[in-house]
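> Have a look at this prediction, sequence included:
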Amino acid sequence: MNNLKTLLIITILIIKHIVLSLHHHLILNGNLIHNNMIKFKMVPKKDPRNAEAVVNYHALAVSNGISDLRAIAEKISDRSTLTTVDTMAVLEALVSLIPKELSDGKIVQLGDFGSFRISLRSSGAESPELFNKSLIKETKVHFRQGPEFRRKFNDLEFSKQVG
């Protein structure tokens, strides 16, 4: 139990560090850093339920690469007293613990970062007695941003990708 408590405390500290680092990179001295604009492209969409629907254009975020667990661990290590190996160990433990906690029926709350929870999709039964687990079709993991994490994105700028 002590090891789990220590791991959770270190994990929350790392996540707070990630949130603060993200905020630092997005806003510097109260000014938005414009080279961190969210790029988007326009995509045509039509309501598939209505054959006569007019095409509307919607924004779709454009990514510019992937930042994997190792890259995140290295960045955390650069900004803290933890080594990359120590940071990777904590993040790997977090990745293995979250599904365990969720499968135990818990909502996993990670401070300002947010929380994870499970939802189910099932077919219906005519009565509770006729319902069985084979009617459960899918489990989903939902992430809900914490209020502080969400606020970090309030003042983002956007840049339309041409072409």
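Arrived safely. Being a predicted model, the structure only gives us computed values, none of them experimental.

> any idea of the pLDDT on the residue most central in space within the chain?
Most central in the chain under CA atoms, centre = their mean is Phe143, positioned 5.9 Å from the mean C-alpha point. At Phe143, the model reports a pLDDT of 95.

> Name the SS class of it, please.
strand (DSSP: H, G, I helix; E, B strand; the rest coil).

> residue contacts, it?
The neighbours of Phe143, taking CB atoms under 8 Å, 6 or more residues apart in numbering as the test, are Gly114, Ser115, Phe116. For glycine as for every other residue, the C-beta is placed from the backbone atoms N, C-alpha and C.

> Downstream of the helix or strand bottoming out on mean pLDDT in the chain, the next helix or strand is which one?
Within the chain, no helix or strand scores below strand 31-32, which has a mean of 42 by mean pLDDT, DSSP states H and E. Per DSSP states H and E, the first helix or strand lying C-terminal to strand 31-32 is strand 38-45.

> Point out the other helices and strands that that next one packs with.
Under the contact criterion of 3 or more CB pairs under 8 Å, 6 or more residues apart in numbering; DSSP states H and E, strand 38-45 touches strand 56-61, strand 158-160.
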